[in-house]
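> coords please:
(2 chains)
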Amino acid sequence: MQDGHYASNPAWADVQPIPQDDGANPLVPIAYSREYSEAMDYFRAVSRTNEKSQRVLELTAHIIDMNPAHYTIWQYRQSLLDALKVDLEEELNFIDELAEDKAKNYQIWHHRQVVVEKLGDGSREIPFINQIIEEGSKNYHAWSYRQWVIQKFDLWKDELAYVEDNLRIDVRNNSAWNHRYFVVFSHPGHGVNQATIDREIEFAKKMIKIAPNNCSSWNYLLGVIRTTGYPVENLTPFLEDLKNGNIQSPYLLSTEIQVYEAVAKKENRSVDEKALEDISVSAGIAE
Amino acid sequence: MKENQLLLNLAPVNMADQHNDVAVKKHIAYFLHNLRMMPAAYTETETNRMTLAFFSLGSLSLLGKLEETVSLKDRTDWIEWIYAQQVHPDSQNPSASQHLCGFKGSPWAGHVFDPLATSTKSDPMDGASIPNTYTALANLLLLGDDLARVNKRAIIATLKSLQEDDGSFAPTYGSTERDVRFIFCACVISHILDDWSGIDVEKAVGFIRKSQSYEPAMGQTPGEEAHGKCLYCKADQPALTLMGKVNEGIIDKQGLIRWCLDRQTTGFHGRPNKDADTCYCFWIGGALENLNAFELVNTDNLRSFLMSTQTSRGGFGKDAESPPDVLHSYMGLATLSLMKESGLSEIDAALNIPIAGVHQLRKIHAQS
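Okay, here's the model as predicted:
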């Protein structure tokens, strides 16, 4: 788009642009590009008259391309989707393209959710999200949206395998760990039984052995233990194993202390500071 | 003994170079420049200009130089600019405006600049937002205003209308975005206005509890990955102590402190296995301060990380490779303030407002 796209355009000749009124001595004014200022001047004008037209749909796309974080522009565009009966598959194409370099923007994800909800069809979503996660494996919005999609369209089936693929690529991807927890423990109608808990604990242990300094797998292990009431002292042989393998990890030490404290509490013993110190020494951390 | 003391005193001075000191003069120039004109790169944050202003005004306040470097005329004009962003009830149509009151982030929608208005023609596309209402009030306090023109009742009524059944808040009318951070902002607003009737505290605490993930820290909403900035906004005093609900709100305090401390490498990162970032030094550092555990932070490492993100043109970047921006610059200084860096003034870590603003607030509360 060129500078002066609207003022010199006969298709917009009927619109009187409205500038922003920022007062005489504004606080933190922004040195907008002329292209952005002009587009916004026209948006202010057409939104004031509540115009719902193809040219406004195009205007919102132009502004969104320059400023994808502008919540109200998106909201206005959503009202246009209904009013103009926009082909929602086309709208998804529009978002696909935008997301290529703006995937960290919250509004894009929200808009996608609105469109998909209207469409009532989630078949394009998992491939779309997969592509974004492939490019940014810890994209918070992508993982959050994934939770919504699998709940909404009952797409739980392949999720555990997807998580494992991601952890195979990067065992330190905490977003994938969080998703695993969500998939295993939040699936409605799939109560968690002892076999599942055991499976998850064994999985975390296996991943810890691969990377003993990975806080994500330790957090997962301890999280499962805490939320399911699995007896933490059952970890003792695993921790001993790691120590015998000369593993030095602050998480190993910290977990050992948690086990010690939990056992002391269970047996109504007070915590012996000397014993805690011994753990530190044996873990090679204290002198 | 005397000799040793002398050596100890001398050592840091000898080691000091420009890189090791907070570059006060450069920071002042950086913030003053940004208060007058933000570069085009900030276009994406145009709806949150109020908050951008808070980062610069707050930073100058932390540097102890706000009154000295900003003229009385500018301070007066800027107070007017802030009031011009206030959305009042619409005297012609009060029911249409009840979700819209408070402060907007900017005049982007093109309505007339009127700092003295007492009624605002309701425009559902141009309502106030909870985060910008919080930073507007903070800005007014930092600029020495008495909040006399703040429409307190209207703001509280809007807060009430923006709280959902699950206890969370929408940031603005019509938005479906939910994030525990808006609960934090709603709490600070209630504290500043000294009126808690806009928040259903039980429900808010319930939402905070539910957002605590297995880790055990907090995501933006239940089920989401634990995230440092969410944690600050919930775990700490603003949301919970201000409500008097720390014990009810935090499921596993020891675990939370441990999670926070695990986020430190040199600086802090916001999620496990991510890189350190200046803003998380404050989000997590501030949370630890509010959990009375800041003394467990390795401040030497933290300081050297922050100094590596200080840039030669003033301001701080998110890491040593990044250019400065006002958010990370404020967060860098706020963290140094938590560490009691000499020359910086204190920050109230519960409210996330520099102490000069809090003193102004106490004065207003004492007079009312």
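> For chain B, what is the nearest residue in the stretch 101-250 of chain A?
Nearest residue of the stretch 101-250 of chain A to chain B (Cβ to the nearest Cβ) works out as A:Gly223 at 3.0 Å. Backbone N, C-alpha and C define where each C-beta goes, glycine included.
> Now that residue: closest residue in space, sequence neighbours ignored.
The shortest distance from A:Gly223 to any residue other than its chain neighbours is 3.0 Å, reached at B:Tyr214 (Cβ to Cβ, 6 or more residues apart in numbering or on different chains).
> measure that neighbour to A:Pro231 for me?
In this view, B:Tyr214 and A:Pro231 are 17 Å apart by Cβ to Cβ, to the nearest Å.
> next one: B:Asp90
Using Cβ to Cβ, we find B:Asp90 at a distance of 61 Å from A:Pro231.
> Which one's more surrounded, those two?
The neighbour count for B:Asp90 versus A:Pro231, taken as other Cβ atoms under 10 Å in any protein chain shown, is higher for B:Asp90 (18 against 11).
> Name the secondary structure element that contains that one.
When elements are assigned from DSSP states H and E, B:Asp90 belongs to no helix and no strand.
> My guess is it contacts B:His99. True?
No - contact criterion Cβ atoms under 8 Å: B:Asp90 and B:His99 do not qualify, at 11.4 Å.
> And for A:Asn268, the neighbour number?
6.
> how about it, secondary structure?
For A:Asn268, the assignment made with DSSP: H, G, I helix; E, B strand; the rest coil gives coil.
> which stretches of chain A aren't confidently modelled?
Across chain A, the ranges flagged by pLDDT under 70 are A:1-3, A:279-287.
> Domain ranges for it, per the record?
Under the assignment automatic domain parsing, the domains of chain A span A:1-119, A:127-191.
> returning to that earlier point: can you count the residues close to the residue of the stretch 101-250 of chain A closest to chain B?
Using other Cβ under 10 Å, A:Gly223 is surrounded by 22 other residues.
> what about it, which SS state?
A:Gly223 ends up helix, using three-state DSSP.
> Show me which residues of stretch B:83-96 are buried.
Within stretch B:83-96, the residues that count as buried by 16 or more other Cβ atoms under 10 Å in any protein chain shown are B:Tyr83, B:Ala84, B:Gln85, B:Gln86, B:Val87, B:His88, B:Pro89, B:Asp90.
> Oh, that last question was meant for stretch A:23-42, not what I typed.
For stretch A:23-42, the buried set under the neighbour-count rule, 16+ other Cβ under 10 Å, comprises A:23, A:26-30, A:32, A:35-36, A:38-42.
> Distance to A:Thr255 for the domains of chain A - can I get that in TSV?
Formatted as TSV, the domains of chain A follow (distance: least, Cβ to Cβ, whole Å):
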stretch	distance to A:Thr255
domain A:1-119	34
domain A:127-191	16
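> a markdown table please, covering those and showing distance to chain B.
As requested, the domains of chain A are arranged in a markdown table below (distance: least, Cβ to the nearest Cβ, whole Å):
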| stretch | distance to chain B |
| --- | --- |
| domain A:1-119 | 4 |
| domain A:127-191 | 4 |
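> Is B:Arg181 in contact with B:Pro131, as I believe?
Yes - using Cβ under 8 Å, B:Arg181 is in contact with B:Pro131, at 7.5 Å.
> wait, doesn't A:Ala103 sit right on A:Glu135?
Yes - the criterion here is Cβ under 8 Å, and A:Ala103 meets it with A:Glu135 at 7.1 Å.
> which one of the two has more residues nearby?
A:Ala103 (19 against 13).
> Find the nearest non-adjacent residue to the more buried one, please.
A:Ile132 (4.9 Å).
> How about the contacts made by the one you found?
Listed by Cβ atoms under 8 Å, 6 or more residues apart in numbering or on different chains, the contact set of A:Ile132 reads A:Ala99, A:Ala103, A:Asn139, A:Ala142.
> What about A:Leu119, how many residues nearby?
A:Leu119 is flanked by 14 other residues according to other Cβ under 10 Å.
> List phi and psi for the closest residue to it other than its chain neighbours.
Closest residue in space to A:Leu119, ignoring its immediate chain neighbours: A:Leu88 at 4.6 Å, by Cβ to Cβ, 6+ apart. Torsion angles at A:Leu88 (phi, psi; degrees, to the nearest 10) stand at phi -70, psi -30.
> Might one say that A:Leu88 is in contact with A:Lys118?
Yes - judged on Cβ under 8 Å, A:Leu88 makes contact with A:Lys118 at a distance of 5.9 Å.
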